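Visitor: Attaching a predicted model along with its sequence, questions to come.
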Amino acid sequence: MLVDDHNLIREALCLLLENRPGIKVAADAADGRGALALLQKIKPDVVVMDVAMAGLNGIEATRKITKEFPAVKVICLSAHSESRFILHMFKAGSRGYVLKDCLAEELVGAIHCVAKGQIYISPRIADTLVNDCINKYIKDDFTDFSLLTDRQRQVLQLLAEGKTAKQIAFICGVSVKTIETYRQQLMDKLNIHSIAGLTKYAIREGMTSL
């Protein structure tokens, strides 16, 4: 399954992969929520997932997929090479990370690798990731982002995308007062006391895009 919010990229990937031995594109979706809906009907071996998408980003979608459909393996295909995006995706349960400017053969190889139960990391980011992981482990693995619950991260993304408390309450199936409580919890945990500040934080952490 291909998941990307750009129609052209999904169409191009579909054409690229359809003729490769051992690969069949079973479905595609424009965001994480669409992917989860399709997974109720279709159980692909591998999901190729973008990171920054509106509605439900690739990090949160990967977390939900690996929890609800543990047999389905996720590969991140992203334009972001910064270590925080990579670490967020692997922490969410991704089994691979490939950059969008890679050669077609690399993506094909990554799909086969992950389908066999292995982990794939693009060689161009492997050194950076290992060094950052070592430095992070030596210092401290305790971050503000890791303190947020699944619901708080969902509310944070929707706030950053300009949704009102009423709209978020409808999406989450809770009351407006509950969303206002989540918003205050976010501000207290992150020590950020404005919607603009929360928006900047969400973009910086790869939860949504400009």
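Guide: That came through, no problem.

Visitor: Got the confidence number for the nearest residue to Phe69 once chain neighbours are set aside?
Guide: Leaving aside its chain neighbours, Phe69 sits nearest to Leu39 (5.5 Å; criterion: CB to CB, 6 or more residues apart in numbering). Just so you know, the C-beta spots here come from the backbone N, C-alpha and C atoms, and that holds for glycine as well. Looking at Leu39, its pLDDT reads 94.

Visitor: residues contacting Leu39?
Guide: 1, 47, 65, 68-69, 72 (CB atoms under 8 Å, 6 or more residues apart in numbering).

Visitor: which phi and psi does it have?
Guide: Reported as degrees, to the nearest 10, the phi and psi values for Leu39 are phi -70, psi -20.

Visitor: do the same with Asp101
Guide: Here Asp101 shows phi and psi, under degrees, to the nearest 10, equal to phi -90, psi 20.

Visitor: Could you count how many residues lie near it?
Guide: Using other CB atoms under 10 Å, Asp101 is surrounded by 9 other residues.

Visitor: Nearest residue to it in space, please, no chain neighbours.
Guide: Ala79 (7.5 Å).

Visitor: Next: Ile195.
Guide: Leu159 (6.1 Å).

Visitor: and the next element down the chain from the helix or strand containing the one you found?
Guide: Leu159 belongs to helix 150-160 when assigned by DSSP states H and E. Remark: after helix 150-160, the chain's next helix or strand is helix 165-172, criterion DSSP H and E.

Visitor: What lies in contact with that next one?
Guide: With CB under 8 Å, 6+ apart as the test, helix 165-172 has contacts from 151, 154-155, 158-159, 163, 175-176, 178-180, 183.

Visitor: Who wins on neighbours among those residues?
Guide: Result: Val155 is most packed of the contacts of helix 165-172 (other CB under 10 Å), 28 neighbours.

Visitor: dump the residue contacts of that residue.
Guide: 168, 172, 179, 182-183, 186.

Visitor: 10 Å instead?
Guide: 148-149, 163, 165, 168-169, 171-172, 174, 178-183, 185-186, 198 (CB atoms under 10 Å, 6 or more residues apart in numbering).

Visitor: Please pick the buried ones from the residues you listed.
Guide: Buried subset of the contacts of Val155 (neighbour count, 16 or more other CB atoms under 10 Å): 148, 163, 165, 168-169, 171, 178-179, 182-183, 186, 198.

Visitor: now the contacts of Leu39 as TSV including distance to Ala35?
Guide: Listed next are the contacts of Leu39 as TSV, based on distance: CB to CB, whole Å:
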residue	distance to Ala35
Met1	6
Val47	7
Ile65	7
Glu68	11
Phe69	10
Val72	10
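
Visitor: State the pair within these that is farthest apart.
Guide: Met1 and Glu68 (14.1 Å; CB to CB).
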